[in-house]
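S.K.: no sequence for this one, just the structure:
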């Protein structure tokens with residue numbers, strides 16, 4: 001699966017907004033031009049993304065001098081999956097069209113690996129739903145997912161201890 005720049009840039013911009021709005025202790029509006037400069041993202045592209053984020057209820061805009069954008073709620077209450085979905089970025093790993101009963105093969109059937117990729121997309125969504133914007137800003141994301149081997153070794157040890 002590949003996450004497009006739309007989803008990645010939206011998360012980057014929201015993390016920048018969260019980190020810079022709360023830096024002064026009081027939430028203050030952050031100008032998109034400042035985010036664009038810090039994150040090296042086109043201002044016009046950010047304007048399009050933030051229009052979607054605003055419609056999705058994730059940010060509020062403040063007009064006038066010193067205006068900009070604020071998070072609509074605390075960064076701990078905003079989930080990464082919500083940000084990605086707000087900018088119309090699907091979280092899917094299959095080639096099939098979302099919501100369609102037809103598959104991706106020439107005959108319209110689902111390929112033999114469809115269920116594998118469908119489940120992967122669901123796991124990605126579950127993971128991104130478990131990570132808050134605060135987790136990203138405070139760098140608490142690494143080591144959240146444990147490989148199956150770690151769990152398997154624990155289970156094997158428990159079985160051996162029981163024998």
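M.R.: On my side now, so go ahead. Fair warning: this is a prediction, and the values are worked out from it, not measured in the lab.

S.K.: how long is stretch 131-143 end to end?
M.R.: One end of stretch 131-143 sits 12 Å from the other (C-alpha to C-alpha, to the nearest Å).

S.K.: buried stuff in it?
M.R.: Along stretch 131-143, these residues count as buried under the neighbour rule (16 or more other C-beta atoms under 10 Å): 131-137. (C-beta placed from N, C-alpha, C; glycine too.)

S.K.: could I get the residues you listed as TSV with distance to residue 16, secondary structure and pLDDT?
M.R.: Listed next are these as TSV, based on distance: C-beta to C-beta, whole Å; DSSP: H, G, I helix; E, B strand; the rest coil; pLDDT from 0 to 100:
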residue	distance to residue 16	secondary structure	pLDDT
131	16	coil	96
132	15	strand	96
133	10	helix	96
134	14	helix	95
135	15	helix	96
136	10	helix	95
137	9	helix	94
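
S.K.: Which one of those is nearest to residue 72?
M.R.: Distance to residue 72, by C-beta to C-beta, is smallest for residue 133 among the buried residues of stretch 131-143, at 11.2 Å.

S.K.: Correct me if wrong: the closest one contacts residue 82.
M.R.: No: applying C-beta atoms under 8 Å, one finds residue 133 not in contact with residue 82, separated by 9.0 Å.

S.K.: show me where the protein has helices.
M.R.: Secondary structure of the chain by DSSP state H: the helices cover 5-21, 32-39, 43-55, 80-86, 114-130, 133-137, 148-162.

S.K.: As CSV, those with distance to residue 63 would be great.
M.R.: Below are those laid out as CSV (distance: least, C-beta to C-beta, whole Å):
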stretch, distance to residue 63
helix 5-21, 16
helix 32-39, 13
helix 43-55, 12
helix 80-86, 21
helix 114-130, 32
helix 133-137, 24
helix 148-162, 51
